[in-house]
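Engineer: okay, here's the prediction I keep looking at, along with the sequence it came from:
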Protein chains: 2
Amino acid sequence: MTSQYKASRFATPRDMPEQTYRLSNVCLPAPLSMGELETFSAISRQVSPLRKRHTLFEQGEAFRSLYIVRCGSLKQVYRDITREEHVTQFYLPGEVVGLDALSSGFHPGATIALETTSVCEIGPESIEELAHGDRTERGVGGCFLRVMSRAMHQERMMVRLFLNRTSDVRLASFLLALSGRFRQQGYSPFCFRLSMSRSDIGNYLGLAVETVSRLLGRFQHLGLLTAKGREIRIDDLEALAALADGRSRHSIWDTADEAPERLASMSTH
Amino acid sequence: MTSQYKASRFATPRDMPEQTYRLSNVCLPAPLSMGELETFSAISRQVSPLRKRHTLFEQGEAFRSLYIVRCGSLKQVYRDITREEHVTQFYLPGEVVGLDALSSGFHPGATIALETTSVCEIGPESIEELAHGDRTERGVGGCFLRVMSRAMHQERMMVRLFLNRTSDVRLASFLLALSGRFRQQGYSPFCFRLSMSRSDIGNYLGLAVETVSRLLGRFQHLGLLTAKGREIRIDDLEALAALADGRSRHSIWDTADEAPERLASMSTH
DNA sequence: CGTATTCTTGATGGTAATCAAAGCGGGTGG
DNA sequence: CCACCCGCTTTGATTACCATCAAGAATACG
């Protein structure tokens, strides 16, 4: 499972240099750092693996435990009053599931395995322990607070990402976030498999399925990546990051290495 | 300060009935409940009032204290790599400022008074106390966790609100959230003054200033509210809520009580 | 091997951003 | 007290982006 890639550096936002927080990192919840993960693991217990499409818990279910993803992945789906479904989060290995249920005592959304997935359970007694653990800010209690604060901040940056940015920026950010996560987990950041469908991605990013598909097509056409079904190979990470950070010159169409005459014809319309 | 309106009910999401969480409530952070407010107040100390445009702290400043808004209001502004400014939050009385700095130890955005504002400071020692207070989930520590979890959930619902919904829904939700906040603070939920500019609202909601202005015009035209500069009077709360929850019949233009011929002409275009 | 999702591709229209310019305050100084 | 000026707000015209509708292609699954 942990293979050729060494999880070299953990991009904890501790060392925030001049507040250059990159939007390209906010599309997924922050995983736990190594130390945090150990802390959590020490008091958690494995539960039997979840098969694809099976739920860890349903929407509205009473909160019982937190979970940490061991391997596999899940999506959180919130069904609103109009029965419409919204994918509110993807959970990848190392991430904590269920924090958003602490306030109300009920899970605000169903959480569904995208593939065979195994998680660790942190029961109420352990949560108690975590929250009140010891009195140093570095200790377990502080750790818990930090995890929540980070999650909150991340959600907020997510809002920003979606508010002004265009569809290409959103998708690029999402892919980069995935890539970064895989790197941290010791997998290749360049070659990975999407465990979620285009439809899930679109729903999550607030884009139509068709738009996701078209964008992947364009990215591919521009040499940013190669997409074959759910297999993704990132060919130009730097350019993708430039796109995600809004540093790219003019959105999408004009990367100029191809179809310049189409550009000309479009500008005269 | 606390005047004619009695703060009758606190809409804490504790009693979540069948998960019908209304989007119209998520546009602003949840204020503390009465009990929570008392808890926090007990260990906080007043600081000198902040005048309009003055900052409580700058972006990137090291975290020192949490604050609770006593009266007045603030906006949080995040300046990204491209020097663009994003209004990430408005803080109204009863709300906790600074929670998002706990993870990194640095404030992710500057926080600026929109009017003369006074806050209470919760120093590090008190935070310690809050986080580790006593061992019952009902106690101070649990309270702290709940506040954060709620904030997190709210940010998430905010994302949902913005992703698919149209501009009119966003603005209606925002106004309703404001209205609800004023009600809870004991002020009239129907008549209030916006402490923020149209530009701030637009930035916060991801809309152009012009759009905000136009929408307010339309709302007024439809008899939903009366807007005179920054003074707002809500004339039809029910209709506004219907709009915010997507229960309104056809977005905006077709409320049929006026200008039906314009409708006809538009549909033929 | 057939059926059903899932994914891609094209055509069209609506919503809201952008550009442009004209009112409106409201504070400051004459 | 009035006039001026600057920021805020409103209004109009144009355009770009993306959702939607509609097939068709590919892939998964039994």
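Structural biologist: Received, thanks.

Engineer: enumerate the residues of the stretch 151-269 of chain A near DNA strand D.
Structural biologist: Residues of the stretch 151-269 of chain A found near DNA strand D (CB under 7 Å from any atom of the strand) are A:Thr166, A:Ser167, A:Asp168, A:Gly206, A:Leu207, A:Ala208, A:Glu210, A:Thr211, A:Lys228, A:Gly229, A:Ser251, A:His269. Every residue, glycine included, has its C-beta placed from N, CA and C.

Engineer: give me the helices and strands touching the one helix or strand the third one maps to, please.
Structural biologist: With the criterion set as DSSP states H and E, the secondary-structure element containing A:Asp168 is helix A:167-184. The contact analysis (3 or more CB pairs under 8 Å, 6 or more residues apart in numbering or on different chains; DSSP states H and E) places helix A:167-184 against helix A:140-164, strand A:191-193, helix A:198-205, helix A:209-221, strand A:231-234, helix A:237-244.

Engineer: and the ones you listed: which comes nearest B:Ser188?
Structural biologist: helix A:140-164 (29.2 Å; CB to CB).

Engineer: hmm, that closest one in reach of DNA strand C?
Structural biologist: No. Judged by CB under 7 Å from any atom of the strand, helix A:140-164 and DNA strand C are separated, with a smallest distance of 7.6 Å.

Engineer: distance check, A:Ala113 against A:Gly202.
Structural biologist: 20 Å (CB to CB, to the nearest Å).

Engineer: quick one: name the residues of the stretch 151-269 of chain A near chain B.
Structural biologist: A:151-153, A:155-156, A:158-160, A:162-164, A:205-206, A:245-247 (CB under 8 Å from any CB of the partner chain).

Engineer: would you mark the buried spots in stretch A:175-195?
Structural biologist: A:175-185, A:187, A:189, A:192, A:194-195 (16 or more other CB atoms under 10 Å in any protein chain shown).

Engineer: show me which of these is closest to DNA strand C.
Structural biologist: When these are compared for distance to DNA strand C (CB to the nearest atom of the strand), A:Leu194 wins out at 7.4 Å.

Engineer: low-confidence ranges in the stretch 101-250 of chain A?
Structural biologist: When residues are selected by pLDDT under 70, those of the stretch 101-250 of chain A lie in A:130-145, A:249-250.

Engineer: near DNA strand C, which residues of it show up?
Structural biologist: Residues of the stretch 101-250 of chain A lying near DNA strand C (CB under 7 Å from any atom of the strand): A:197-199, A:209-210, A:212-214, A:216-217, A:227, A:229-230.

Engineer: adding neighbour count, write those residues out as a markdown table.
Structural biologist: As requested, those are exported to a markdown table (neighbours: other CB atoms under 10 Å in any protein chain shown):
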| residue | neighbour count |
| --- | --- |
| A:Ser197 | 15 |
| A:Arg198 | 18 |
| A:Ser199 | 13 |
| A:Val209 | 14 |
| A:Glu210 | 10 |
| A:Val212 | 23 |
| A:Ser213 | 16 |
| A:Arg214 | 16 |
| A:Leu216 | 19 |
| A:Gly217 | 11 |
| A:Ala227 | 17 |
| A:Gly229 | 8 |
| A:Arg230 | 12 |
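
Engineer: can you tell me which of those is closest to B:Asp80?
Structural biologist: Distance to B:Asp80 across those (CB to CB) is lowest for A:Val212, with 24.5 Å.

Engineer: distance of the closest one relative to A:Cys120?
Structural biologist: From A:Val212 to A:Cys120 the distance is 32 Å (CB to CB).

Engineer: any idea which element whichever residue of the stretch 1-150 of chain A sits closest to DNA strand C lies in?
Structural biologist: Ranked by CB to the nearest atom of the strand, the top residue of the stretch 1-150 of chain A for proximity to DNA strand C is A:Arg53, at 9.3 Å. Using DSSP H and E, A:Arg53 sits within no helix or strand.

Engineer: give me the neighbour count for it.
Structural biologist: 9 (other CB atoms under 10 Å in any protein chain shown).

Engineer: same check on A:Arg51?
Structural biologist: 11.

Engineer: with the one 3 residues further on instead?
Structural biologist: Neighbours of A:His54 under the rule other CB under 10 Å: 12.

Engineer: quick check: beta-bridge partners of the nearest residue to it once chain neighbours are set aside?
Structural biologist: Nearest residue to A:His54 in three dimensions, chain neighbours excluded: A:Ala113, at 5.4 Å (CB to CB, 6 or more residues apart in numbering or on different chains). Beta-bridge pairing for A:Ala113 (DSSP bridges): A:Leu74.
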